[in-house]
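**Q** Below are the sequence and a predicted model for it; my questions follow.
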Amino acid sequence: NAGVTQTPKFQVLKTGQSMTLQCAQDMNHEYMSWYRQDPGMGLRLIHYSVGAGITDQGEVPNGYNVSRSTTEDFPLRLLSAAPSQTSVYFCASSYSEMSTTEAFFGQGTRLTVV
Amino acid sequence: KQEVTQIPAALSVPEGENLVLNCSFTDSAIYNLQWFRQDPGKGLTSLLLIQSSQREQTSGRLNASLDKSSGRSTLYIAASQPGDSATYLCAVNSGNTPLVFGKGTRLSVIA
């Protein structure tokens, strides 16, 4: 199994550009989420989804959009990139939000906005 | 709102030493707690998952304990090695939101 796959691994954007970070999982997990990791801040939740067609906001949702049209995919869209969105982004999945099974993470996307 | 704290923020030990990493959480109504390892520039690797009904879990030289009533978990690493150097993250699953993370403990094991 591939697990959780994130693309791209690295990206440089100019301020104001838009882009989509891709996340796909092949474990038939219902629950997927996006985090950003910044030095000294830990991992902070951006958006999450409890199943296809259902999304909700996390702690730091401003400037980001998500959609969940399939169980497998959960893309994160940056609408108009800002330097404050320079960060490492991680996608995670698990069987359900009340799961007794572990959460799995992708390898991350390192984004720099100049 | 669940908050997770990890102490210490950084730790440096000589090779061979046994060590304990601490994690505390404010809301004891949890489903499980997960310990992760993160190497520099890499993703998160799950080390141990401990359910709310369990007191401890073991994997090799690692042992995680959970005291739900007091809101605490510890990760015990026996006979530390330089390859154990990494950041260790604790995350809590409260069931109504995704995992809430502590800020991690950065461990350096000196040969």
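**A** It's in.

**Q** alpha carbons only for contacts and neighbour counts from here, please
**A** OK.

**Q** Would you mind stating the distance between A:Thr20 and chain B?
**A** 19 Å (C-alpha to the nearest C-alpha, to the nearest Å).

**Q** got the phi/psi numbers for that residue?
**A** phi -120, psi 130 (degrees, to the nearest 10).

**Q** Find the residue closest to it in space, skipping its chain neighbours.
**A** Distances taken as C-alpha to C-alpha, 6 or more residues apart in numbering or on different chains place A:Arg77 nearest to A:Thr20, at 4.3 Å, with adjacent residues excluded.

**Q** And the helices in the chain, which stretches?
**A** If you meant another chain, say so; for now it's chain A. Along chain A, no stretch is classed among the helices by DSSP state H.

**Q** Contact distance from chain B - what residues of it qualify?
**A** Selection of chain A residues close to chain B by C-alpha under 8 Å from any C-alpha of the partner chain yields A:33, A:40-45, A:48, A:90, A:97-108.

**Q** So which of those are in strands?
**A** Applying DSSP state E to the residues of chain A next to chain B, the entries found in strands are A:33, A:42-45, A:48, A:90, A:104-105.

**Q** Spatially central residue for chain A, please.
**A** A:Trp34 (2.9 Å; C-alpha atoms, centre = their mean).

**Q** which residues does that residue form a beta bridge with?
**A** Under DSSP bridges, the beta-bridge partners of A:Trp34 are A:His47, A:Cys91.
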